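Colleague: Let me see the structure of the following:
(2 chains)
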Amino acid sequence: MISVENVSFTYPFGPEVLREVNLEIKDGEFVAIMGENGAGKTTLVKMFNGLLRPASGRVLVDGIDTRERSVAQLSKDVGLIFQNPDHQLFAETVAEELSFSLKNFGFKPEVIERRVKRLLATLDLERYETSSPFVLSGGERKRVALAAILVWDPKHVVMDEPTIGQDYLQKDRLRNFIVQLVSQGKTVVIVTHDVEFVAESKPRTVLLSRGRILADGPAVQVLTNPSVVAQASLVMPQISSLMSNMRELGPPPDIIDPYSAREFLSKKLRAIIETRASSQKR
Amino acid sequence: MAAIAARNLSFTYAASDKPSIEEVSVTIEKGEFVILTGPSGCGKTTFCRCLNGLIPNFYSGNLEGELEVNEINVSGKSTAELATHVGFVFQNPENQLFSLSVERDVAFGLENLGIPKDEALERVHWAMESTGILDLRNKAPYELSGGQQQRAAIAGVLAMRPSIIVLDEPTSFLDPKSAEEIAGVIAKLNRELRLTTVLVEHRLDIVSRHASRVIVMDKGKVVLDGPPSEVYDDHARLIGIGLPRVTMLFHLLRRDGFVLTKNPITIEQASEELRRLLGS
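Modeller: The predicted model follows:
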């Protein structure tokens, strides 16, 4: 469990980035943190593995105050994947990038090999095993950075903008992978601007704006609330906007992705067309 | 006049054993607004790096085929020479801004070109005005929001007066509001200056309405090329890329047997087509 209690934070000579934030994330939860550029999202998640410590208030990871543990100790439990993969990657090959930390943690070579192979397959990176991370595309480097953290199996996984540079298929893989992690009881926290990814994955959604929590609830509720969406510089999912444009069809409020829209519209349109056809026969 | 003409362009990075782009032949006319998209690793960034000579000047490897920019053969030209033809905006504005004020940042490229001071000042003013950041000129880049930073990065490129602008996922670090604003700024520059625009983008929902043409690459090759609503018809190929969600919805409804002739790109187009189907 990750508990953020009354946390405020200010960078030296900067404005206050977090203001009395309270947030509790249970084991096995999938949480998306959203909000405008500069809202404090990255600052908040850097608190989870001790990269930053609160100026006031406290952050507890599995009951222990982050100030009582080093970043190295915390990192074993909290895997934080940075927004920019180039801040993280350094090895000569993708396989070395993945095995590096495992060697440091003292795993046996056969365990290392098995884990590396599994991660490469899961994130569609097998063909790059012996490539240098630096010849890969931005989206691929991002997946290598993700794999390099996940390979040591942290209990809590925090990803900063994991969908940047990823196409739909890769996002789908990522989503399935997150579901898999969550079903193993891991906590997954993503920081993201990707409204459609959130609309299709439906995590608990926390909106942060100017360092404060503006909304916290199911994606369906948060993303369809026009005032908080505007305040956090987001836009509503395209499908929600379409549905509110087509109010005459009486759509339920929880339709925010193309798949649920298809289900609703298929039934609705068919019913309307059939009614019309039978009344014309008469 | 063709702004960009590539013929059988192929490139293999020195550290790689297979080509990142393969026999790419594309002609882009002056003033076009083109979205370049495709799955992660399809070669779109590599193609763009050729346009301003970053390939082969900064990335070594094997380059084959021909490439003309404004009817100039780029082979043997330095990136600095090409910078007056092709402006390049990167994904992360932070990598492009480093001065103490926005104005200095916008002027940076001009100083390197040795443009006389009066003209430089005029151009900087014009570039900041065109991107809507005149009032921010004395601010430090780190005081700006992500969207403002990206505007400043675009202004810096614009001040060089290129006739072509290449933007490599310029909205990916931005929140949706700022991303829409940046897409609007890019569209305005394209319209008002006839600036040939090549926009590499995954966020098709945000940018599609502005473009006259979409080029889709896959595995190093151009696989689709045409107006957005036509290109978005190839559902099988595009499912992996991520169409605007209203377009995706229409493909799903077609599978259920509904006859929807158009591929909507905007919410308005989608509503209109649904109402047409209902005969209202």
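
Colleague: For the stretch 101-250 of chain B, which segments count as helices?
Modeller: Applying DSSP state H, counting those that start in this stretch to the stretch 101-250 of chain B gives helices spanning B:102-113, B:117-130, B:146-158, B:176-193, B:204-207, B:228-231, B:235-238, B:245-255.

Colleague: and residue 182, what does it touch?
Modeller: If you meant another chain, say so; for now it's chain A. Contact analysis of A:V182 by C-beta atoms under 8 Å, 6 or more residues apart in numbering or on different chains lists A:28-30, A:188. Using the backbone N, CA and C atoms, a C-beta is placed for each residue, glycine as well.

Colleague: oops, chain B please
Modeller: B:147, B:150-151, B:154, B:170-171, B:174.

Colleague: Try it again at 7 Å.
Modeller: Shown in contact with B:I182 (C-beta atoms under 7 Å, 6 or more residues apart in numbering or on different chains): B:147, B:150, B:170-171, B:174.

Colleague: now do A:L249
Modeller: A:K268.

Colleague: got the residues of the stretch 101-250 of chain A near chain B?
Modeller: Residues of the stretch 101-250 of chain A found near chain B (C-beta under 7 Å from any C-beta of the partner chain) are A:131-132, A:135-140, A:164-170, A:193, A:195-196, A:233-235, A:237-239, A:241-242, A:245-246.

Colleague: before we move on, back to that, can you redo the helices of the stretch 101-250 of chain B as a markdown table with distance to A:R262?
Modeller: Formatted as a markdown table, the helices of the stretch 101-250 of chain B follow (distance: least, C-beta to C-beta, whole Å):
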| stretch | distance to A:R262 |
| --- | --- |
| helix B:102-113 | 46 |
| helix B:117-130 | 42 |
| helix B:146-158 | 33 |
| helix B:176-193 | 23 |
| helix B:204-207 | 17 |
| helix B:228-231 | 20 |
| helix B:235-238 | 13 |
| helix B:245-255 | 4 |
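
Colleague: mind checking which of the ones you listed is nearest B:L67?
Modeller: helix B:146-158 (19.8 Å; C-beta to C-beta).

Colleague: which secondary structure elements does the closest one contact?
Modeller: strand B:86-89, helix B:102-113, helix B:117-130, helix B:176-193 (3 or more C-beta pairs under 7 Å, 6 or more residues apart in numbering or on different chains; DSSP states H and E).

Colleague: what do you get if the cut-off is 8 Å, keeping everything else the same?
Modeller: Packing partners of helix B:146-158 (3 or more C-beta pairs under 8 Å, 6 or more residues apart in numbering or on different chains; DSSP states H and E): strand B:86-89, helix B:102-113, helix B:117-130, strand B:164-168, helix B:176-193.

Colleague: so which of those comes closest to A:P226?
Modeller: Taking these one by one with C-beta to C-beta, helix B:176-193 is closest: 12.9 Å.

Colleague: follow-up on the earlier one: considering the contacts of B:I182, which possesses the most neighbours?
Modeller: B:Q150 (32 neighbours; other C-beta atoms under 10 Å in any protein chain shown).

Colleague: which non-adjacent residue is nearest residue 24?
Modeller: Unless you meant another one, I'm taking chain A. Using C-beta to C-beta, 6 or more residues apart in numbering or on different chains and skipping residues adjacent in sequence, the residue nearest A:E24 is A:S3, 5.0 Å away.

Colleague: not quite, I wanted chain B
Modeller: Here the residue nearest B:V24, using C-beta to C-beta, 6+ apart, is B:L9, at 4.5 Å.
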